[in-house]
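> Pasting the sequence and the predicted model now:
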Amino acid sequence: MRAFFLFIFLSLAACLSLHAQDTVPYSTQGRPHSVIRSDKEDGAITSFNGHSTRYNVPDKFVRKKNIGIGLTVAGIGMLATGITLYATAPKQNGYNQYGQSTQYTTLGGVIGVLMIPASLGLTIPGAVLWGKYARKIHRGQSR
């Protein structure tokens, strides 16, 4: 049970660490999302989000795409963990009031089964965010 809560805590910590701040802690030339460095070869300027400023890519698009990537990876990891927990959980035999033998899954198997739909709740929205904002970034770069 402790391992389950540790996994949930680490997954949430990983997702929250992907959430970037709205402003840069320092400012260059008085603009918060301004120029960080200049590439000497073609004169292009790279902004805070790593994309060239000649492309029309806002920082929030890159941030939301990264959140989508994080949710998708966390969901896939949670799905794999849930399947593994269910598959490796020992089964216990029990008898009902009529003397018939039945098999019961232990707590690890139950947690594994509950992790599978929860992982879909992370993976599906993450994939939607990832695809939507990757498309928006690509459209901004092609303009």
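Here it is on my side, so go on. Numbers count the residues shown, from 1 in each chain.

> Helix or strand: which one has Ser119?
According to DSSP states H and E, Ser119 maps onto helix 107-142.

> so what secondary structure elements neighbour that helix?
Here helix 107-142 touches helix 59-88, going by 3 or more Cβ pairs under 8 Å, 6 or more residues apart in numbering; DSSP states H and E. All C-beta atoms are positioned from the backbone trio N, CA, C, and that covers glycine.

> The helix it packs on vs helix 107-142, what angle?
Inter-element angle recorded for helix 59-88 and helix 107-142: 150 degrees (by axes from the mean of the first three to the mean of the last three Cα atoms, to 10 degrees).

> for the next helix or strand after helix 59-88, what is the average pLDDT?
For helix 59-88, the following helix or strand on the C-terminal side (DSSP H and E) is strand 91-95. The average pLDDT within strand 91-95 is 85.

> try stretch 7-15
Averaged across stretch 7-15, the pLDDT comes to 67.

> average pLDDT for the helix holding Ser119?
92.

> Just want the angle from that helix to strand 91-95.
Going by the same axes, to 10 degrees, helix 107-142 makes 140 degrees with strand 91-95.

> Go through helix 107-142 and flag the buried ones.
Burial within helix 107-142, assessed by neighbour count using 16 or more other Cβ atoms under 10 Å, is assigned to 108-109, 111-112, 115, 119, 122-123, 126-127, 129-130, 133-134, 136-137.

> wait, which of these is closest to Leu79?
Within those, the smallest distance to Leu79 is 3.8 Å, found for Ser119 (Cβ to Cβ).

> what's across from Gly94 in the sheet?
Thr102 (DSSP bridges).

> What is the burial count for it?
Using other Cβ atoms under 10 Å, Gly94 has 10 neighbouring residues.

> wait, what's in contact with it?
If a contact means Cβ atoms under 8 Å, 6 or more residues apart in numbering, then Gly94 has 101-104 as its contacts.
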